[in-house]
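[1] Okay, structure incoming, though there's no sequence with it:
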C-alpha cells in the first residue's frame, strides 16, 4: 500500500503538466484568483454549523429564514451546508446561534484539457518504476474528484465502480470534459494491449464529479465530493484532487471549510493526492 500511494503521488506530479495546481492543504479561503481574476461567487456561501446544530433541520430553517436556496449539505466531513444567500444578510447570518462561520464560495477549475498520453508506457509511470512494482493496486479503491469519468473508455474497462455527481444536471459516470478520465487513466489504466498503463492498473476508481463539463466548479461542490468520500471511507482509501485555485490554507484544521473537510476525511482513513507545481511558482499560493 505504501508503494502504491507514493507512486501515485509522484506520477500525479510527473504526468499532469497541463492541469491546474493545488497544494496539500485546502484552498477555501478567498483569493484573487489566477491572473488576478476574482473567483468569488456572488451570493453563494459555505456555512459551518456548530456541533449542536443539525445540517438537515437547522440548515433548512436557516436557509428559509434568510430566503436562500440550499445547494449542498455536509454531514460526514463536517457539519454544515452551502447555499445561495443575499450578500447583505451575511453579517446577520454570522450572528445566528447555530452558525460557527460563514465563508464566501469561490470558483475552482482545471487549467485545460490534457494532452492524452498515447505511448504504452508513459514517461512518468516509467520514472517511478511503477511497471515493476509488485503492488498493482489490487483491492484498492480510489476516488477521482474531478469532471467525472467516461466509464466505457476501453482502457478503463472494469475499473469504474460507480460514483456521485455534485454538479446539477450532470451524471457521475460521464465526462464531457475529458480531464477526469485522463486522471483516472494515470491512476488505473489497465495493463492491456491498447493505450497506456496506469500507476496502479489493478485498482478500482470511483467517479466523484465536482466540476462541470467546462471544467469549472466551486469549493462548495468540491466539499460535496469530499463529504461523500468521507462517508465511504470504509472502502475508499485514496482520493485524487487534480484541480485548483488560489488562497491560503489557514493555521489549522478549523480554519476553513475545505481544510476541515479534508482533515476529517484523512482522520477517517482516506489519503489525499493532489497536483502541485503546475503554475511555476510557490505552491503555497495555490
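    Perfect, thanks for sending it. What you see is a predicted model, and the numbers here were worked out from it, not measured in a lab.
[2] Okay, now the unreliable bits of the stretch 1-150 of the chain?
    1-38, 111-120 (pLDDT under 70).
[3] Spell out the residue ranges of the strands in it.
    40-49, 69-74, 80-84, 99-109, 141-146 (DSSP state E, counting those that start in this stretch).
[4] so which strand or helix has residue 230?
    helix 219-231 (DSSP states H and E).
[5] ok, and what's touching that helix?
    Residues outside helix 219-231 that contact it (Cβ atoms under 8 Å, 6 or more residues apart in numbering) are 27-28, 44, 46, 71-72, 74-78, 82, 105-106, 108, 143, 145, 164, 166-167, 206, 208-211, 236, 239, 241, 243, 245, 257-258, 261-262, 264-265, 268, 270. Using the backbone N, CA and C atoms, a C-beta is placed for each residue, glycine as well.
[6] if we can go back for a sec, of all the strands of the stretch 1-150 of the chain, which one is nearest residue 281?
    Among these, the nearest to residue 281 by Cβ to Cβ is strand 99-109 (17.1 Å).
[7] now that closest one and strand 69-74, what's the angle there?
    Calculated by axes from the mean of the first three to the mean of the last three Cα atoms, to 10 degrees, strand 99-109 forms an angle of 100 degrees with strand 69-74.
[8] could you say what helices and strands strand 99-109 packs with?
    If you count contacts as 3 or more Cβ pairs under 8 Å, 6 or more residues apart in numbering; DSSP states H and E, strand 99-109 packs onto strand 40-49, helix 90-94, strand 216-218, helix 219-231.
[9] Between strand 40-49 and it, find me the angle.
    Using the same axes, to 10 degrees: strand 99-109 against strand 40-49 is 140 degrees.
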